[in-house]
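*Asks:* below is the sequence, then the predicted model.
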Amino acid sequence: MSELLTRDDFSGCLESVFRLGPASGDRLELTLQQVSEPVNCPGQESFSIILRGPAEKQLQQGMYAFEHDRLGLQEIFIVPVARDEQGISYEAIFNRLVP
């Protein structure tokens, strides 16, 4: 995994595809649907992203290696949060300490 990704990194990738890395054994593509507004507290920043995958294959909550054309290989902890006939939505929350 490379450097820590920021909200701006993800915002520049809306509607792009994140592919599950080969180590997971699953070949799925998830599309970045949403990047939340940042929540800033003294010494901390937080934001979340929503990725959408196919309805026929649900991933369990956990850490997955994702490949992205611009962001490279990243490990992201996702949680399934919604399901409908078009697919399954997953959320990842990022919290980090800031100076």
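*Replies:* Perfect, I can see it now.

*Asks:* can you report how many residues lie near the nearest residue to Gln58 once chain neighbours are set aside?
*Replies:* Leaving aside its sequence neighbours, Gln58 sits nearest to Ile88 (CB to CB, 6 or more residues apart in numbering; 5.4 Å). Heads up, the C-betas are built off the backbone N, CA and C, glycines and all. A total of 20 residues lie near Ile88 under the criterion other CB atoms under 10 Å.

*Asks:* so in the protein, which strand runs the longest?
*Replies:* strand 72-84 (DSSP state E).

*Asks:* quick one: the next helix or strand after that strand to strand 72-84, angle?
*Replies:* The element immediately downstream of strand 72-84 (helix or strand, assigned by DSSP states H and E) is strand 87-97. Interaxial angle, strand 87-97 versus strand 72-84 (axes from the mean of the first three to the mean of the last three CA atoms, to 10 degrees): 130 degrees.

*Asks:* list the helices and strands strand 87-97 packs on?
*Replies:* strand 44-53, strand 72-84 (3 or more CB pairs under 8 Å, 6 or more residues apart in numbering; DSSP states H and E).

*Asks:* measure how far the shortest one is from the centre of its chain, please.
*Replies:* The reference is to strand 44-53. Mean-position distance between strand 44-53 and its chain equals 6 Å (CA atoms, centre = their mean, to the nearest Å).

*Asks:* that one - contacts with which helices or strands?
*Replies:* Strand 44-53 packs on helix 7-11, strand 29-35, strand 39-41, strand 87-97, going by 3+ CB pairs under 8 Å, 6+ apart.

*Asks:* re the thing from before, what pairs with the residue nearest to Gln58 across the strands?
*Replies:* Gly53, Arg83 (DSSP bridges).

*Asks:* so for it, what's the pLDDT?
*Replies:* pLDDT for Ile88: 98.
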